[in-house]
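**Q** would you be able to build a 3D model of this:
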Amino acid sequence: MEPFTLAATVDRPRAVVYDYLADVANHPEFTDHFLKDWHMTREETYGVGAGGRFEADIPFARFAWGDYTLVEAREDRHLVFAGRSGKFNRIRTVNVFDLRDGPGGTTRVALTVETRPELPTDRLLESLGQKRSLRRSWRKALKRLGMILEDDRQRGRRATIAGGPRKPATDH
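**A** As a prediction, the model looks like this:
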């Protein structure tokens, strides 16, 4: 699908928004209305290499599981998440968060979402409503991101690592 870009203004400094988004375990808090049943892909949930797997609630998604991993993080301004979804994980996805300083200590968050379906059947399903649903869901997610960081409301459940808390390593 052709990429689409959405934007929102968050009344928090750019560094705060960046730190929140760079921790993938925070993503279920603002996306749980359409990305459900999150599982982290590694213990360290912050920074490059951190990622999660989830089930997407979008129309015509027979194989709704997907994942994404933070693959690029630059200068408190730019985060790139790459992943896969669909049957046999054949649909590549790229989500890019660009953060810019706004007036009065605010942050302008621009999110670009792109999917690259492999087969004509995947492209057909996207055209039947998946793109519209994704756009609507990500718009709501950006609004919730602002509510969480500004007012600490609309917060969903934060993802955790399966198996409970980890024990510190010892020399024994």
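**Q** from residue 111, how far out is residue 80?
**A** As defined by CB to CB, to the nearest Å, residue 80 lies at a distance of 11 Å from residue 111. Where you see a C-beta, it was placed from the backbone N, CA and C, and this is true even at glycine.
**Q** please apply the same query to residue 149.
**A** Taken as CB to CB, the span from residue 149 to residue 111 is 15 Å.
**Q** just to revisit the earlier point, between residue 80 and residue 111, what contacts are shared?
**A** 95, 96, 97 (CB atoms under 8 Å, 6 or more residues apart in numbering).
**Q** please confirm that the second one is located within a strand.
**A** Yes. Looking at residue 96 with DSSP: H, G, I helix; E, B strand; the rest coil, it is inside a strand.
**Q** and the residue nearest to it when sequence neighbours are not counted, what element?
**A** In this structure, residue 96 finds its nearest non-sequential neighbour in residue 112, 4.4 Å apart by CB to CB, 6 or more residues apart in numbering. Residue 112 belongs to strand 107-116 when assigned by DSSP states H and E.
**Q** so what are the sheet partners of that strand and their directions?
**A** According to DSSP bridges, strand 107-116 forms sheet pairs with strand 4-10 (antiparallel), strand 91-101 (antiparallel).
**Q** so which bits of the shortest one are buried?
**A** Put plainly, it is strand 4-10. For strand 4-10, the neighbour count (16 or more other CB atoms under 10 Å) marks 6, 8, 9, 10 as buried.
**Q** tell me the contacts of the third one?
**A** With contact set as CB under 8 Å, 6+ apart, residue 9 has these partners: 102, 106, 107, 108, 109, 146.
**Q** phi first, then psi, for the second one.
**A** The one in question is residue 106. Dihedral pair for residue 106: phi -90, psi 170, per degrees, to the nearest 10.
**Q** where along this protein do the helices fall?
**A** Secondary structure of the chain (DSSP state H): helices at 14-22, 27-31, 120-125, 131-151.
**Q** want to try TSV for those helices, with distance to residue 87, mean pLDDT and mean neighbour count as columns?
**A** TSV is the format used below for the helices of the chain (distance: least, CB to CB, whole Å; pLDDT from 0 to 100; neighbours: other CB atoms under 10 Å):
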stretch	distance to residue 87	mean pLDDT	mean neighbour count
helix 14-22	29	96	18
helix 27-31	22	94	23
helix 120-125	8	69	14
helix 131-151	17	92	18
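**Q** same list (those helices) but as TSV, adding distance to residue 90.
**A** Shown next, in TSV, are the helices of the chain (distance: least, CB to CB, whole Å):
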stretch	distance to residue 90
helix 14-22	27
helix 27-31	22
helix 120-125	7
helix 131-151	17
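**Q** quick one: closest of the ones you listed to residue 63.
**A** Proximity to residue 63 (CB to CB) singles out helix 120-125 among the helices of the chain, at 9.9 Å.
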